[in-house]
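In: got a sequence here, can you model it:
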Amino acid sequence: KFQGQNQVKSAELHGWTTMAIRFTPKLGLLDEYPEEDDAIDDLTDTFSSLVTDEISLVSHNHGRDRRLQRGITRRELQEAVKYGRKEATLGPQGQPRWKYTYNGTTYVTDETSRHEITSWKSEDNRAAFGPTDYGGLVGCSVHVVLVVDHSGSMRKNDVPGYGDRTEAVYETLRRELLMPHIDLMKTALGAACADMAVSLVVMSSESCTLLDRVPIDDALCSKFKELAASAGHHHGHYVPALKRLRKLLKDDAKRKVHPVVFFVSDGAPSDHIDAACKHGVNVWHPDPTARGVHRSGRPILQSCVSPQPCRQEVKKKTVTECCDIVRELGAMFDEDRITMNTIAFGDPNAQYEVLEQMARVLKRGSFQKLGLGIKRLRSALSTLSSTITTMLTSGGGSGLTLREPRPMETKESFHAPVTHVTDQDGWDVYTLHDRKFTLVSKQKYDCKTHTLVDAPLCDAVGVAFSNRPFAQGAERSASRCLEVVPDGRRFAAAGFPLVGKETLFTEELKDARFHKRVARCHSEGNELAQRFNARIEKAFPGRAEFKLRYSECWIYTVRDPAYAGGTAWILAEPRLEGKWAKWNNNAGKIGTENASGPVGLCWHVPQAFSHFTYSMTDGKELLCDSQGIWNQTDGFCLTDPARHVLEDHRRHTRDRTDKGLAGMRAFFATHECSELCVQLGLQPFTDVAPLKL
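Out: This is a model prediction of the structure:
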């Protein structure tokens with residue numbers, strides 16, 4: 001036996017009295033007896049005389065899982081017991097508990113101080129957050145609301161280059177959303193971009209509105225730096241966060257405000273853990289009276305009359321409540337005014353059905369499962385930033401009606417090779433000989449005649465178009481596409497794989513004008529690219545990696561009774577194989593040099609090409625939004641260009657991404673001429689007139 005019997009002081013808490021307990025460091029609990037006031041010492045005194053590693057700690061699945069999620073070591077818990085502040089507390093059902101706090105770690109045990117219940121990192125040694133008076137910018141036209149998961153699992157150190165998931169999210173938000181916007185504020189677009197406010201809801205067991213309609217400035221960037229160092233803790237409850245979101249947006253519904261919601265989480269909601277079933281029992285809580293654990297190692301849960309159905313019902317109720325709140329948001333606004341972007345940034349093998357269902361509730365909802373890839377998170381936020389900029393500079397939105405959203409194709413099915421298709425497996429097939437689903441024509445844009453001219457099929461009799469998009473931007477969705485030939489009851493792929501693109505807006509389904517503008521931009525961009533390549537060859541002979549072209553594109557006209565008027569148009573281009581990159585956008589942002597892509601002077605080619613298009617058109621046009629693939633042999637192959645046109649100093653003379661003189665100013669505000677610009681003799685930017693916003 002341990003020398004000198006050591007006992008625990010008793011505490012009167014809500015009607016229960018602790019029992020004094022005798023311990024030995026090796027055997028643990030020996031027996032218990034009613035306390036004697038004159039013979040009681042704090043058990044902490046006993047622990048303080050022990051070697052830290054000898055302090056008894058019995059782990060169960062729940063406590064161990066929470067500890068691993070929150071990056072807490074076993075020794076940290078032992079140190080908390082030995083050195084920390086000890087407080088009596090109660091469990092969910094009134095069970096006696098001890099809470100130890102030491103060096104930023106809070107550890108909860110059972111009444112014996114031996115069994116691990118749960119633990120979390122306190123805010124003692126990391127940036128704290130709470131309700132703030134920092135905010136109040138009411139008169140905005142675009143309100144961006146960020147709902148960010150701050151549960152304990154966000155403390156996991158599994159994102160390369162970052163301390164934990166929380167740091168990765170806030171640093172990426174700062175770099176991809178805030179900083180580009182601040183840069184735009186310094187350009188001619190500043191007046192329009194100032195019409196935006198940001199709010200932040202942090203999501204844990206209890207959610208908090210940390211920022212309320214604040215302007216984007218250096219102070220906000222500093223705040224996000226602090227938040228990158230904040231510690232996640234407890235569970236991730238969706239419902240309280242969504243209620244905070246609803247309260248934030250209530251005032252916006254009365255004004256002409258466009259809310260853009262960004263909801264990021266690394267897991268499913270855990271609201272059900274603290275919810276009681278219809279019998280009044282917390283069926284997801286561990287049973288404090290149970291002895292032992294399940295064979296799986298998990299704790300035995302509390303039971304009611306019908307525990308399994310009740311547990312499923314409690315979970316289902318959480319999902320329903322989440323979707324109902326999002327549905328309320330859609331009812332508060334015209335559905336074309338509110339955008340809901342849900343992001344799963346966590347274990348790529350985990351299930352995120354609730355996030356996906358929340359996005360599906362709204363017409364302008366999107367769900368992205370990013371795994372833990374930081375590049376994917378950057379790309380998602382960069383796209384969001386560009387969409388917001390377009391909304392701001394086009395008067396708060398396009399004014400067009402979005403089509404009904406379609407289910408997105410999974411990453412696995414997108415990468416799976418396709419050799420045969422039918423109209424029964426998610427493909428719309430149109431052929432020259434089908435009377436109902438007819439391929440009417442295949443055309444391309446001719447720069448000489450400025451019209452669409454017929455183009456030949458690649459030894460095919462039809463075209464197949466997947467009805468599940470694999471990607472979606474601000475204006476178009478992209479799906480797999482193939483030219484096909486009959487092969488029995490199926491159709492076999494003919495030629496190379498294509499990417500088919502359709503407009504997202506109902507009004508642009510009436511005719512081919514939208515696709516014709518895109519095809520024209522591609523075709524005229526290729527003419528400028530040929531001139532650029534000729535100049536490059538003279539200045540840098542034999543440098544094939546400096547060459548540049550735009551992918552060819554075609555417009556397929558088909559008959560389909562599912563479309564209004566019975567006719568539809570599909571824009572298609574070859575599927576680009578290689579590592580995708582974006583070198584600049586239509587708002588002046590420049591991409592980041594990557595060792596796996598073009599480096600050195602070659603990396604400046606897309607920027608030099610944009611400058612070249614301005615110079616070659618005497619300052620009347622500028623092609624940008626350079627994106628696509630690159631390799632050492634063929635150089636750059638680009639797609640989806642944006643064009644700023646100086647035409648009576650009016651914007652949107654060609655399409656919604658055309659910002660006219662303002663777009664040119666934004667490009668040259670960040671562009672620094674390289675040796676390429678100097679050798680090509682490109683003319684400098686001339687600011688011809690003040691911007692009219």
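In: relative to H143, how far out is V260?
Out: Separation of V260 from H143 (Cβ to Cβ, to the nearest Å) stands at 7 Å. Just so you know, the C-beta spots here come from the backbone N, C-alpha and C atoms, and that holds for glycine as well.
In: kindly report the same for D640.
Out: 28 Å.
In: what do you get for S151?
Out: 25 Å.
In: go on, Q607?
Out: 33 Å.
In: neighbours of P684, how many?
Out: The tally of other residues near P684 (other Cβ atoms under 10 Å) stands at 11.
In: T166 now?
Out: Residues near T166, counting by other Cβ under 10 Å: 27.
In: for E593, what are its contacts?
Out: By Cβ atoms under 8 Å, 6 or more residues apart in numbering, E593 lies in contact with V599, W603.
In: partner residues bridging the closest residue to I72 other than its chain neighbours?
Out: Spatial nearest neighbour of I72, chain neighbours left out: S119 (5.3 Å); criterion: Cβ to Cβ, 6 or more residues apart in numbering. In this structure, S119 bridges to Y107 when assessed by DSSP bridges.
In: wait, S119 sits on Y107?
Out: Yes. Here S119 reaches Y107: they are 4.6 Å apart, a contact under Cβ atoms under 8 Å.
In: who touches both of those two?
Out: Contacts common to S119 and Y107, judged by Cβ under 8 Å, 6+ apart, are E76, L77.
In: pLDDT wise, what is the residue nearest to I72 at?
Out: Per-residue pLDDT puts S119 at 85.
In: ok, now which ones touch the nearest residue to G635 once chain neighbours are set aside?
Out: The shortest distance from G635 to any non-neighbouring residue, by Cβ to Cβ, 6+ apart, is to K547 (3.6 Å). Residues in contact with K547 (Cβ under 8 Å, 6+ apart) are N533, I536, D634, G635, F636.
In: how far away is the residue lying closest to K620 once chain neighbours are set aside from T686?
Out: Among residues not flanking K620 along the chain, L646 sits closest, at 4.8 Å (Cβ to Cβ, 6+ apart). Between L646 and T686 the computed distance is 10 Å (Cβ to Cβ).
In: anything in contact with each of those two?
Out: The contact lists of L646 and T686 share G619, where a contact means Cβ under 8 Å, 6+ apart.
In: higher neighbour count, these two?
Out: The neighbour comparison of L646 against T686 (other Cβ under 10 Å) goes to L646, with 21 against 10.
In: touching, that one and A662? I think so.
Out: No. If you go by Cβ under 8 Å, L646 and A662 don't touch, sitting 10.4 Å apart.
In: returning to what we had before: widest-spaced pair of the contacts of K547?
Out: Taking Cβ to Cβ, the two most distant members of the contacts of K547 are I536 and D634; they sit 13.7 Å apart.
In: the two: which is more packed in?
Out: I536 (23 against 14).
In: tabulate the CA atom coordinates of the longest strand anywhere in the chain in CSV.
Out: Looking only at the chain and at elements set by DSSP state E, the strand with the highest residue count is strand 490-503. Extracted in CSV, the C-alpha atoms of strand 490-503 (Å, rounded to 0.1, in the frame of the first residue of the first chain):
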residue,chain,number,x,y,z
ARG,A,490,-24.4,2.4,-77.1
PHE,A,491,-22.3,5.2,-78.5
ALA,A,492,-18.5,5.0,-78.6
ALA,A,493,-16.2,8.0,-78.1
ALA,A,494,-14.7,9.4,-81.3
GLY,A,495,-11.8,11.8,-81.4
PHE,A,496,-10.3,13.5,-78.3
PRO,A,497,-12.2,14.3,-75.1
LEU,A,498,-13.9,17.7,-74.9
VAL,A,499,-15.1,20.0,-72.2
GLY,A,500,-18.7,21.3,-72.8
LYS,A,501,-19.8,24.6,-71.2
GLU,A,502,-23.2,26.1,-70.7
THR,A,503,-24.5,29.4,-69.3
